[in-house]
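>>> okay, predicted coordinates and the sequence, questions at the end:
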Amino acid sequence: MSTSDTALDADVIVVGAGMSGLYALKVFRERGYRTIVLEKAPAVGGTWYWNRYPGARCDIPSLEYSFGFDPELEQEWVWTEHFASQPEIERYLNHIADRYDLRPDIRLSTGVRSATFDDATDSWLIETEGGEQLRSRYCVMCTGGLSAPHRPDWPGLDSFEGTVVQSSLWPEEGVELEGRRIGIVGNGSSGVQAIPELAKMASHLTVFQRTPAFTWPSQNKPLTDEEQAEVKARYREVRAQQYASPLATANTTGAVIFTFADPDKHILESTPEEREAAMEELGFSAARIWGDTARDLEANEMAVEMFREMIRRTVKDPEVADSLCPDYPLGCKRPILDNGYYETFNRDDVTLVDLRKDPVVEVVPEGVRTEKGLAELDVLIFATGFDAVSGALTRIDVRGVGGRSLREEWADGPHALMGFAVAGYPNMLMCIGPGSVGVLATYPPHIELQVGWIADLFDHMREGGHTRVEADAAAQADWGRQVEEASQGSMFRAPTCNSWYNGGNIEGKARVFPIYLGGLDRFMARAEEMAANGYEGFVIDGQVGSPAAG
Ligand code: N01
């Protein structure tokens, strides 16, 4: 049985007004679905609202890290740098909210506490943190894969008399940093971006490092009018390339992101002279040109040694350089782009605390006490990452058929059918959920494909007069095996690799790699094939695949 559509507050409730939630609202509304977006933040923008720490910027060329759905928008919007800064991307997303008149259907400062499927009416009951209840046919989670902040529970933290701030919850009004003694914990993309900027502002910067980063000079620079015009003149071709590529990239803007590996170039067969010549020509990127490092640990270690050598040549203090040298495989974590990261450690007013040699004992009112001493601080910044991929959803009390809890169900890792849906949770869809290509593909074009697919599913349901769709458990398990197979032998799953990708960044979290490495092109081809086969892999109104309409 289903509830009549008029008894619902909306056809679709979208959770999150970041990039995917904004675009989902635009598309669902255009296709005639009454849509309400609930957003925890007091503004739109998602990631690009919350992560406003100094140095925050994108590591994908701006002309590609943007939407392609409206050629006029593409032509009108002017990007000022190869890699856009957080304020610029936040402005872009606000512009989208205004340009397509999205704001009337977005409720800001409205976090979702629980989402409960009502089996009797095929609808979702959403309860907000403020106690409001809303009912909809579908619930679409646009909650992001890197949106549930993780902060270590250091003893004594509450006693600290200075300011504690998290990079991913950076206050809109800013933080007083100029001339302060600043400490920062974390050396992932956020910490590496923030550290050079903080060093410029602080009277002294202390960097608490647990694991050294792999990071490459970004070569960011202003985008010239000519560069911009050249891409804009062939934007349809660029977008077509993005939509059809494994990582939704088109190598447009001329800014060197990375030197990509040449499959025929094997480091195991290289001579010391060849490696030296590569370092002289390419610097840190010399570690990335070898085709045999992706799945061979011995080859990988040789490339890591080249990377370490570059650190030793850049950082003057040998002990500091040694601490900055990674001791885990290249390709285990997301590669980082920086602006003067290693050079920052040559400054007299920057101290590196290597937590592996000098662990934290406690936080005290004046700062952080480690085994070897006290770092006196005015500001302590945690750039300690996220409960990634699943965290945003397990922090909401999501209840499926019979009250089953998503949090409990995902205790051993997130299970989903191609990231779109979870067996036992009918009418709940996810944008770029677990088992999708995730962050590996450039988000805006990736979001366009995902939201388009979800909207097509809604159309199929409407056309057939159906009210209930869920992932088939067997199809979900089979997809899980394909995700697992695609990642076998990759550095993401190397035994010495701990990262947010595999849950290894959070103590006690199940160690699972929930990202499909087969590429966005293959992923979407499979998704379209399933749709063409009557939504193969889904159960619609109790039947596997699509029953005949009517
Ligand atoms: O988070 P992270 P992030 N004590 O998990 C450390 C995207 N992003 O926010 O490696 C001490 O990578 C932790 O140490 P360890 C991008 O996809 C993109 O930086 O777990 N340290 C690590 O050094 C990225 O991959 C952009 O040992 C602790 C750091 O904190 C993803 O977001 C910019 C600790 C966390 O690094 C996440 O990046 C920013 C503890 N108890 C983010 N716990 C761009 O577009 C954790 N750490 C450029």
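Yes, it's here. Please read these numbers as outputs of a predicted model, since none were measured by experiment.
>>> okay, CA-based contacts and neighbour counts for the rest of this
Fine.
>>> can you list the weak-confidence ranges in the stretch 1-150 of the chain?
1-4 (pLDDT under 70).
>>> for the chain, same thing?
By pLDDT under 70, the low-scoring segments of the chain are 1-4, 253-259, 546-550.
>>> what's the longest helix in it?
Secondary structure of the chain per DSSP state H: the longest helix is helix 443-464.
>>> what sits up against that helix?
19-20, 23-24, 27-28, 31, 65-69, 239, 242-243, 248, 420, 429, 431-432, 467, 520, 524, 527-528, 531, 535, 548-550 (C-alpha atoms under 8 Å, 6 or more residues apart in numbering).
>>> turn the buried ones among those residues into a named PyMOL selection, would you?
Only the buried entries of those go into this PyMOL selection, using 16 or more other C-alpha atoms under 10 Å:
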select buried, resi 19+20+23+24+27+28+65+66+67+68+239+242+243+248+420+429+431+432+467+520+524+527+531+535
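>>> in helices, which of the contacts of helix 443-464 fall?
Among the contacts of helix 443-464, the members that lie in helices (by DSSP H) are 19-20, 23-24, 27-28, 239, 242-243, 520, 524, 527-528, 531.
>>> check which helix or strand covers residue 220.
Counting by DSSP states H and E, no helix or strand carries residue 220.
>>> show the contacting residues for it.
81-83, 255, 339.
>>> before we move on, what about residue 501?
Here residue 501 is in contact with 333, 388-389, 492, 513-515 (C-alpha under 8 Å, 6+ apart).
>>> nearest to the ligand, of those residues?
Closest to the ligand out of the contacts of residue 501 is residue 333 (6.9 Å), distances taken as C-alpha to the nearest ligand atom.
>>> near the ligand, which residues of the protein?
Contacts of the chain with the ligand, taken as C-alpha under 6 Å from any ligand atom, map to 57-59, 146, 152, 185-191, 209-211, 334, 383-386, 500, 505.
>>> from those, list just the buried residues.
57-59, 146, 185-191, 209-211, 334, 383-386, 500, 505.
>>> from these, which land in strands?
185, 209 (DSSP state E).
>>> between the ones in helices among the contacts of helix 443-464, which sits nearest the ligand?
The closest of the ones in helices among the contacts of helix 443-464, once distances to the ligand are taken by C-alpha to the nearest ligand atom, is residue 19, at 13.7 Å.
>>> circling back: can you tell me which of the contacts of residue 220 is nearest residue 165?
Nearest to residue 165 out of the contacts of residue 220 is residue 339 (C-alpha to C-alpha; 22.2 Å).
>>> quick one on the thing from earlier: now the contacts of residue 501 in JSON lines, with neighbour count and secondary structure?
Putting the contacts of residue 501 into JSON lines (neighbours: other C-alpha atoms under 10 Å; DSSP: H, G, I helix; E, B strand; the rest coil) gives the following:
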{"residue": "333", "neighbour count": "21", "secondary structure": "coil"}
{"residue": "388", "neighbour count": "23", "secondary structure": "coil"}
{"residue": "389", "neighbour count": "29", "secondary structure": "coil"}
{"residue": "492", "neighbour count": "25", "secondary structure": "helix"}
{"residue": "513", "neighbour count": "24", "secondary structure": "coil"}
{"residue": "514", "neighbour count": "27", "secondary structure": "coil"}
{"residue": "515", "neighbour count": "27", "secondary structure": "coil"}
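>>> out of the residues you listed, flag the one nearest to residue 474.
The nearest member of these to residue 474, counting by C-alpha to C-alpha, is residue 514 at 17.2 Å.
>>> wait, isn't the closest one in contact with residue 414?
Yes: if you go by C-alpha atoms under 8 Å, residue 514 and residue 414 touch, sitting 7.0 Å apart.
>>> intersection of neighbour lists for those two?
With C-alpha under 8 Å, 6+ apart, residue 514 and residue 414 have common neighbours residue 434.
>>> and the residue of the stretch 1-150 of the chain found nearest the ligand, how far from residue 66?
Nearest residue of the stretch 1-150 of the chain to the ligand: residue 58, at 3.7 Å (C-alpha to the nearest ligand atom). For residue 58, the distance to residue 66 equals 11 Å [C-alpha to C-alpha, to the nearest Å].
>>> now residue 92: closest residue in space, sequence neighbours ignored.
residue 77 (7.9 Å; C-alpha to C-alpha, 6 or more residues apart in numbering).
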